[in-house]
Structure formats: structure tokens, C-alpha cells
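In: Structure for the following, please:
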Amino acid sequence: MAKQRAYGGNYPGWFEVCTRQMIRHVDAYGAPYWTRRRKKLLPSGSETPVEYFQVSNLLLDLDAEEAKTVRPFRDADELQMRDEWKARSERAVAGVQARQIRDQINNWRCSIHKTSQPAPNVWRITPHDVMSAALLGSPASESGIGERSRLKSLCEANGIPQHALADDRHLLRWLLLRRRSPDQQGSEAAIDRRHLAISLRAQKSVEDIRSLVSLSLNGQTELGGFDKVQARRSAITSLTRKACDRALAQAGGCRSTVLETLTFLGNLYERRKSIGSPLLGLALKLSAQAGELEAASDWLKRFYDGRAWEDCKTGKDITAALDSLMRSVAESGDVQVVERQRLMRLLVGLREGEQMAPESVRGLLMIFLEGKSRPFGVYTMYGTYLELLGRLGAGRLLWREWRESGPLAKGMSEKNKEWNEDFVNTSFATAVCQLSMARLGAESQGKSKLEECAWLDYKAMSEMTWHSSGSVPELVKRDDAVELLELPLDGFVRGVGAIRSKGVEGE
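Out: Here you go, the predicted model:
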């Protein structure tokens, strides 16, 4: 028992435990002793060499200045770090591209968010824009030069990448994707009139106005501004008129802008059939300014049928239209017979069967002279109308107007009747001075009705010689013209012919 305590423990199994960790030996004197068992050596690894790291590649411990295992920092280490972490061209290019992509994505998101706002935006894609892109091609192509800037701006506003502009198929795909996006489809569901009014006040080009109005009409909410009676001025029609006036003023009266505005108004009328008196007056004025007499006749008929003459503010448009017609006639060196006859139909409303339609300049003037509507500038309109008749050589009709509309013009105002009569006499005298008539023959005998006189003058235009404004003799006194107009028709014709003969001899 004592021997066991000397060599080991006194608990069961101690020998086994010790022998599992120790090895028993016997020395030369026969005394046993034990040694610790050593672990078996691991098998040798593969023959591939192991690449150990270099101490110089580690970050140096600046606090271990006295440690023998850490070497001091050398200049070569700084050069090595600079070479490893210096700015490289590849890394700089990649960083610039990453920033450009990030900014481009942010701009696209902002653009899409702006175009999807409840307020109508002129850069929202419409079916007209998709059709224009399909017909004219991408902005990078040779075709479609006129729409290039518009389409390019539209793509930028809707977040369409620049590389899509180089291919027509990609461009159409992007346009359709942006148009079919949930944000845009939801924004087109309803449009508030207040938002439309705010947007119209900010527009300065006809293209933007057209896009804005078209977008508003495409919405599910119908705009009551275009559904009211044509003679009434609604807020929408008035704002549209002001926006068109700003665009025309900014363009400086460019003919292409005038024609573009007429196209917009014509398409709007075909779509709504009711565009309000401000826009009807604008179309009449612009068609006369552009010299498009057929278009002016169509707009004059729409103006009359829509009772736009009840709006007194449209008097300025009629005056401007007559001034444009007078300017075109006065400045033209030689007006063709067809153009003169077309202008004659516009002024008096000639129809087949020797009839006169009320949808004419004369019809509007008769409404004003009869007192059904009294816009500002009736005297000026009437005087310009008479002078146009004189320049066209409509002497018979001028003689008849002295008896038909002259008394109405003289008695239009009771407060200053003498001044009105003098003004009317002066207007007729100016018109008589402008007469440029060929021989009238005897066919005027027995034909003195208004329609007959108008048709005789219309048919005689093919025999008349056109004159410029400087070669027309002027009557010395206004009373001479009044005396001529008081004569019978044949006497009036002979008197004007005598004055013309004196003018030719004087030259």
C-alpha cells in the first residue's frame, strides 16, 4: 500500500491513467521511472514551396521602437507604399464613369418624377411624339431636321439615354416604354384645370402649347374651357390665346411660326369644333397676315357661324386682318387676277348663282353698323373695306355701298353725327381715288342691285389693269367724290373714267 502511494495515486484506475500519458522505465538500480509520452510527428507536407510574407509588407508598429523583431521605417517603404496606392489612370477612368452613371441615373429619376406630376408637362410623351419619331427618324439622322431639337429635348426630359438617339428602333422602343410606364399612365388619368392654367402661363413656343393642349385633351377629365359657347371667353381659351401671342411675339412674326400656329388652331378646331372667340379671332388674323386667302375664308365662315363677333374684343383681330390684306395689296407689284377675285369673294361673300353670303367681311361690318354688336374700331374697319374695294376696282359695288351701308355708317352715333359723316365721306373719297377700272361697257345698264354690281365687278377684274399705289390720281377735293357717288351708276362710271384719263395724260 505504501509502495502504491510512492509511485502513484490511491484511486482506482490510477495506473492505467498514468500509463496512458507516461512511459514506464527502469533504471540501472532497478527503480522504475516514467517519462511523458510525446505526440507523433505529423507527416511531411507536399513538396510545393510555401510563400511566406515579408515583414516589410506589414504595417510597422510605431510603438515598438525597442523591439528587436521590428525593423525601423526606411525611405524605400514610403516609395513602395506610394507606388502601390498611387492614382492610376484605369482607376480614375473607372471612377469618372461610375460618377457619370450615378449622376445620369439620378437625373433620369428626377426627370421621370417631374413628368409624372399631376400638373400637365409639355415633355410628357404623346402619341404625336411617337408618330413624329417614327416618321422623321432619330435626332442623329439626316431626316427630321425641324423636329430634331424638340425630339432631343423630349428624350432628355424623359430620361432616355443618349445612345438610344443613334438608332431609330431603340428610340421608338424607349419612347413606348416611357409612355407605357405606370407613372405616366397614372398621371394622364385626370388633369386639373388649375394646373393647366399654370402651365399655359409659362409656355413661349407653339410646339409646347400644342403638346400641352393635346395632352390635356387626351386626359379623362374633359376641359370645359373648349366646350362653352364660342362667343364666350373662357379662362382656358384666353390663356391659350395669350400663350400663342407670346410665342408669335418671340418669333418676331416669322412666317413658319404663323403657319405652325394656324396648323395647331386648325387641328384643335377639327377636334373640338368649339375653340372660343379669342382663338377664332387669332386664326382669322394670322391667315390674313400669312396671305392665305382660302384659309382666311374658312376661318371667317367659322368666325361668323360661331357668333364670335358678339365678343367685342375680336374687333382688334378683324382690324388687323383687314390691315394685313391692305398691306399685301398695296405692296404687291402685280396681283394676279385669281388672287384679286379670291380677295373679292372674301370681302363680299360671292357665291354661285350671283348670290352674296353673310359669312364675309361685309357681313360682319353690316352687323356692326346695324348695332347688333359694336366693337372698338368700326370706323377703321369700314374705311379699310372701302379702300380695298377701290384698289380692286370694284367701282359699281363702291357706288352701291354709298347707298346701302353709307347711311348706316353716317347715323351710327347720335352724339357726333357730323364727325361721323365727314369720316364716311373721306373714306369713300379715298376709295374712289384708288379705282383702277378698265372700260365697263354698257352691260351695267339696268343692273344696279347690290349682288349685280358685285358680280359685274368680279367678272370685269380679268380686263382691269393693276396699278401700284403711286400711280393713282388723287381727287383734289373730297366733295368731288361725293358728287360722283350721287350720280347714277353710268354717270359715276363715266366720271371715274374721265378722272383716270386726266391722270394718264398728266403722267
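
In: quick one: the helices in the stretch 101-250 of the chain?
Out: Along the stretch 101-250 of the chain, counting by DSSP state H, counting those that start in this stretch, helices occupy 127-136, 148-157, 168-179, 182-187, 193-201, 206-218, 235-251.

In: right, and those - which one's nearest Asn107?
Out: The closest of these to Asn107 is helix 148-157. By Cβ to Cβ, the value is 8.5 Å. Just so you know, the C-beta spots here come from the backbone N, C-alpha and C atoms, and that holds for glycine as well.

In: helices and strands around that closest one, which ones?
Out: helix 89-115, helix 127-136, helix 168-179 (3 or more Cβ pairs under 8 Å, 6 or more residues apart in numbering; DSSP states H and E).

In: which one of these lies closest to Lys410?
Out: Closest approach to Lys410 among the helices and strands packed on helix 148-157 (Cβ to Cβ): helix 127-136, 52.5 Å.

In: Name all residues that make contact with Leu388.
Out: Neighbouring residues of Leu388 by Cβ atoms under 8 Å, 6 or more residues apart in numbering: Leu322, Leu325, Met326, Val329, Leu343, Leu347.

In: how does the protein divide into domains?
Out: 2-34, 104-187, 190-308, 332-507 (automatic domain parsing).

In: what's the burial count for Arg272?
Out: Arg272 has 16 neighbours, counted by other Cβ atoms under 10 Å.

In: typo on my end, Leu484
Out: By other Cβ under 10 Å, the residues close to Leu484 number 24.

In: Determine the three-state secondary structure at the residue lying closest to Ser328 once chain neighbours are set aside.
Out: Distance criterion Cβ to Cβ, 6 or more residues apart in numbering; nearest residue to Ser328, sequence neighbours excluded, is Gly291 at 5.4 Å. Taken by DSSP: H, G, I helix; E, B strand; the rest coil, the conformation at Gly291 corresponds to coil.

In: Just confirm Gly291 contacts Glu331, I think it does.
Out: No: judged on Cβ atoms under 8 Å, Gly291 makes no contact with Glu331 at a distance of 10.7 Å.

In: out of those two, which sits in the busier spot?
Out: Gly291 (16 against 9).

In: ok, which stretches of this protein are strands?
Out: Along the chain, the segments classed as strands by DSSP state E run 22-26, 32-36, 350-351, 355-356.

In: Which of the ones you listed has the highest mean neighbour count?
Out: Each of the strands of the chain was given a mean neighbour count from mean count of other Cβ atoms under 10 Å, and the largest, a mean of 17, is that of strand 350-351.

In: In terms of secondary structure, what does that one contact?
Out: Judged by 3+ Cβ pairs under 8 Å, 6+ apart, the packing partners of strand 350-351 are helix 450-460.

In: Can you list the low-confidence ranges for the stretch 151-300 of the chain?
Out: 181-192, 218-234 (pLDDT under 70).

In: Geometrically speaking, which residue is the centre of the protein?
Out: Centroid-nearest residue in the chain: Glu207, 1.6 Å away (criterion: Cα atoms, centre = their mean).

In: about what we covered before: TSV for the contacts of Leu388, including distance to Arg193 and neighbour count?
Out: Converted to TSV, the contacts of Leu388 look like this (distance: Cβ to Cβ, whole Å; neighbours: other Cβ atoms under 10 Å):
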residue	distance to Arg193	neighbour count
Leu322	35	24
Leu325	37	23
Met326	40	16
Val329	43	19
Leu343	41	22
Leu347	39	23
